[in-house]
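K.L.:
could you look at this predicted model? Sequence included:
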Amino acid sequence: MADADPRLPPYFPLKLRKCQEVADTFFACFEKESFPNSDKDVARKAVTTCGEHLAAYQNCMEKFVGPKAPKAAQ
């Protein structure tokens, strides 16, 4: 994902049971890749490195909490 948006979604680090597998995969990648070091951009680079896992996490989560989520009946 070369042109990935280096921002995390507003619901991060929320994890729903329905998205547990993809969330766990993304969180594990992000934790590994964003381990503090002398690089001030380590977290931004981790988002890019884990972009494929982030996309899967977002696709699942947005079905339930994002703009594509069904609206609750009032």
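P.N.:
Alright, I've got the coordinates.

K.L.:
roughly how far does Thr49 sit from Ser34?
P.N.:
Thr49 sits 9 Å away from Ser34, going by CB to CB, to the nearest Å. Where C-beta positions appear, they are placed from N, C-alpha and C, glycine not excepted.

K.L.:
swap in Leu14?
P.N.:
From Leu14 across to Ser34, the span is 18 Å (CB to CB).

K.L.:
ok, Thr25 next?
P.N.:
Applying CB to CB to Thr25 and Ser34 gives a distance of 15 Å.

K.L.:
spatially speaking, which residue is in the middle of the chain?
P.N.:
By CA atoms, centre = their mean, the chain has its centre lying nearest to Leu54, at 3.9 Å.

K.L.:
host element of that one?
P.N.:
helix 51-61 (DSSP states H and E).

K.L.:
give me the residues contacting that helix.
P.N.:
Residues from elsewhere that reach helix 51-61, judged by CB atoms under 8 Å, 6 or more residues apart in numbering: 1, 4, 8-9, 11, 14, 16, 18-19, 22-23, 25-26, 29-30, 47, 66.

K.L.:
and Lys15, what pLDDT?
P.N.:
pLDDT, Lys15: 93.

K.L.:
list the contacts for it?
P.N.:
Ala23, Asp24, Phe27.
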